[in-house]
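Participant: how would this look folded up:
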Amino acid sequence: MCSHMNEDHQDAVLLYAQKFGSSANATAAKMLSIDAQGMNLTAEVSGENLPIRIEFDHNLKDAEDAHHTLIDMVKLARSRK
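Facilitator: Numbering: from 1, shown residues only. As a prediction, this is how the structure comes out:
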């Protein structure tokens, strides 16, 4: 899932870092891992890579729940612009 997100949805990963990871100035981000409670990212801020942990609002049940949760988070992040 991380490879897919980093390769096909870089814009979404960056939005997660900016909007949910308190890194509004991030210029790039990568998803390192995802688990039932949240995801670990690294964000580039002023040329430095910073670790970010973003907790989900619920424990993920399965891959389908992860998919829908990540989509919902992108929609929420876009509405916060």
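Participant: SS state for the most centrally placed residue in the chain?
Facilitator: In the chain, the residue lying closest to the centroid (CA atoms, centre = their mean) is residue 16, at 3.7 Å. Here residue 16 is recorded as helix under DSSP: H, G, I helix; E, B strand; the rest coil.
Participant: contacting residues around it?
Facilitator: 29, 31, 39, 41, 54, 73, 74, 77 (CB atoms under 8 Å, 6 or more residues apart in numbering). Heads up, the C-betas are built off the backbone N, CA and C, glycines and all.
Participant: residues near the last one, how many?
Facilitator: If I follow you right, that is residue 77. A count of nearby residues for residue 77, using other CB atoms under 10 Å, gives 17.
Participant: my guess is it meets residue 21, correct?
Facilitator: No: using CB atoms under 8 Å, residue 77 is not in contact with residue 21, being 10.3 Å away.
Participant: what segments of the chain are strands?
Facilitator: In the chain, the strands defined using DSSP state E lie at 28-34, 38-45, 48-55.
Participant: follow-up on the earlier one: out of the contacts of residue 16, the closest to residue 62 would be?
Facilitator: For those, the residue nearest residue 62 by CB to CB is residue 39; the value is 15.4 Å.
Participant: could you report the pLDDT at the closest residue to that closest one other than its chain neighbours?
Facilitator: Of all residues not flanking residue 39 in the chain, residue 54 sits nearest, at 5.3 Å (CB to CB, 6 or more residues apart in numbering). Residue 54 carries a pLDDT value of 98.
Participant: measure residue 54 to residue 15 for me?
Facilitator: In this structure, residue 54 and residue 15 are 11 Å apart, going by CB to CB, to the nearest Å.
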